[in-house]
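Novice: Using only what follows, build the 3D model:
(2 chains)
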Amino acid sequence: MTALREGTDLPGLQKEIKQAKINLYAEASRDFNPIHIDEAFARKTPLGGTIAHGMLILAYISQMMTAAFGKNWLTGGKINVRFKAPARPGDVITVSGRITRVEPEEDYTLCRCEVLCENQDGETVISGDAKVKVKHDGSSS
Amino acid sequence: MPENQKIDIREVAAGYEFPPVSYQIDSARVADYLGAVDEDNALYRDTGLVPPMAVAALALAALSEGMTMPPGAIHVSQEVEFLATVSTADTVTSRATVARSQNRGKFHMVTVALRVVNQGEKEVMAAKTSFILPGDVKDNEPA
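Specialist: The predicted structure follows:
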């Protein structure tokens, strides 16, 4: 698990967005909005083409938080984000985060983090903050 | 639910409660989800645990079963809190309430609060989802 110190970087990751992955996500999440999966439809919209589901990109942040905090994320995690720009097929999304504050409580340590997803041009796709209760006894059921 | 029985999200006022939707997230769907998001954390390997964002995504899918959104809807923000683990053996129930519905001229802003409980009525997830929609429906903001 990531060291619980202010300023510690979370284990970031990179993901290439592919239309095939977007289609798989549509199936798995049952979100078949044509803006994500219908190129002909999406081309006629102001977006000019398909975009990834915001929840898919958010899932990458959750993946980073799970890698950093393990099961604590599943039982005491909270995230609050804004979708700033669409992620498109061909984009490479870099997911990063950092612990901004560590607050010891009686039964757990509350870690506050900032989280960010940027595309290959440095444009912010998602920004926000997260917090997670890290249990002192190692349990998190 | 047939499309013609679904509610246009812009036509409901703050406080409106969607009918609850119950479902299981079986191991096949978890495997599909893990594949779609390229997640290989050992936490999900043969443990029956459901990735928390899969719970959130399927709660949104359950919501979409009861409503329609116009083309051009944009998901602008998302808040999610994970309160307890969900396993493939659980049956979860998603309850959704319109927390905010405001007409802002050309746009309509809607926030939906979601609450997911397991078969023991233990809350496993809470979320708030906000959309901006093309707005040509009357203002539903309560006085």
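Novice: for the residue nearest the centre of chain B, what are its contacts?
Specialist: In chain B, the centroid-proximal residue (Cα atoms, centre = their mean) is B:Leu60; its distance is 2.3 Å. B:Leu60 makes contacts with A:Ser29, A:Asp31, A:Met55, B:Leu114, B:Thr129, as judged by Cβ atoms under 8 Å, 6 or more residues apart in numbering or on different chains. Bear in mind the C-beta positions are built from the backbone N, C-alpha and C, glycine included.
Novice: Might one say that A:Leu13 is in contact with A:Val115?
Specialist: No. Using Cβ atoms under 8 Å, A:Leu13 makes no contact with A:Val115, being 11.8 Å away.
Novice: Now do the shared contacts for the two.
Specialist: Counting by Cβ under 8 Å, 6+ apart, the residues touching both A:Leu13 and A:Val115 are A:Met64, A:Val95.
Novice: more crowded one of the two?
Specialist: The neighbour comparison of A:Leu13 against A:Val115 (other Cβ atoms under 10 Å in any protein chain shown) goes to A:Val115, with 24 against 16.
Novice: Contact partners for the closest residue in space to the more buried one that isn't next to it in sequence?
Specialist: In space, and not counting its chain neighbours, A:Val115 is closest to A:Gly97: 4.3 Å by Cβ to Cβ, 6 or more residues apart in numbering or on different chains. Contacts for A:Gly97 (Cβ under 8 Å, 6+ apart) come out as A:Asp9, A:Leu10, A:Gly12, A:Ile61, A:Met64, A:Met65, A:Ala68, A:Cys113, A:Glu114, A:Val115, A:Leu116, A:Ala130.
Novice: mind checking the SS state of the fourth one?
Specialist: If I follow you right, that is A:Ile61. When classified by DSSP: H, G, I helix; E, B strand; the rest coil, A:Ile61 comes out as helix.
Novice: Just among the contacts of A:Gly97, which is most surrounded?
Specialist: Compared across the contacts of A:Gly97, A:Met65 has the highest neighbour count, 29 neighbours, by other Cβ under 10 Å.
Novice: Please verify my assumption that that one contacts A:Gly77.
Specialist: Yes. A:Met65 is in contact with A:Gly77 according to Cβ under 8 Å; the separation is 6.0 Å.
Novice: which element follows the one helix or strand B:Val55 maps to toward the C-terminus?
Specialist: Counting by DSSP states H and E, the element that carries B:Val55 is helix B:52-64. Per DSSP H and E, the first helix or strand lying C-terminal to helix B:52-64 is strand B:67-68.
Novice: What strands flank that next one, and is each parallel or antiparallel?
Specialist: strand B:7-8 (parallel) (DSSP bridges).
Novice: Pull up the per-residue confidence for the spatially most central residue of chain A.
Specialist: Chain A has A:Ile61 as the residue nearest its centroid, 2.1 Å off, counting by Cα atoms, centre = their mean. At A:Ile61, the model reports a pLDDT of 98.
Novice: ranges for the strands of chain B?
Specialist: Using DSSP state E, the strands assigned to chain B run over residues B:7-8, B:21-24, B:67-68, B:74-82, B:91-104, B:107-117, B:123-134.
Novice: What are the contacting residues of the first one?
Specialist: Right, strand B:7-8. So strand B:7-8 is contacted by B:Phe18, B:Gly66, B:Met67, B:Thr68, B:Met69, B:Pro70, B:Val137 (Cβ under 8 Å, 6+ apart).
Novice: Quick one: the residues you listed as CSV, columns for pLDDT and neighbour count too.
Specialist: Shown next, in CSV, are the contacts of strand B:7-8 (pLDDT from 0 to 100; neighbours: other Cβ atoms under 10 Å in any protein chain shown):
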residue, pLDDT, neighbour count
B:Phe18, 92, 20
B:Gly66, 81, 16
B:Met67, 86, 20
B:Thr68, 85, 15
B:Met69, 84, 19
B:Pro70, 81, 14
B:Val137, 49, 16
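Novice: now B:Val98: how far from chain A?
Specialist: Look at B:Val98 and chain A: by Cβ to the nearest Cβ, to the nearest Å, they are 19 Å apart.
Novice: ok, that residue - contacts?
Specialist: B:Val98 touches B:Ile9, B:Val12, B:Ala13, B:Ala14, B:Gly15, B:Tyr16, B:Glu17, B:Val110, B:Thr111, B:Val112, B:Ala113, counting by Cβ under 8 Å, 6+ apart.
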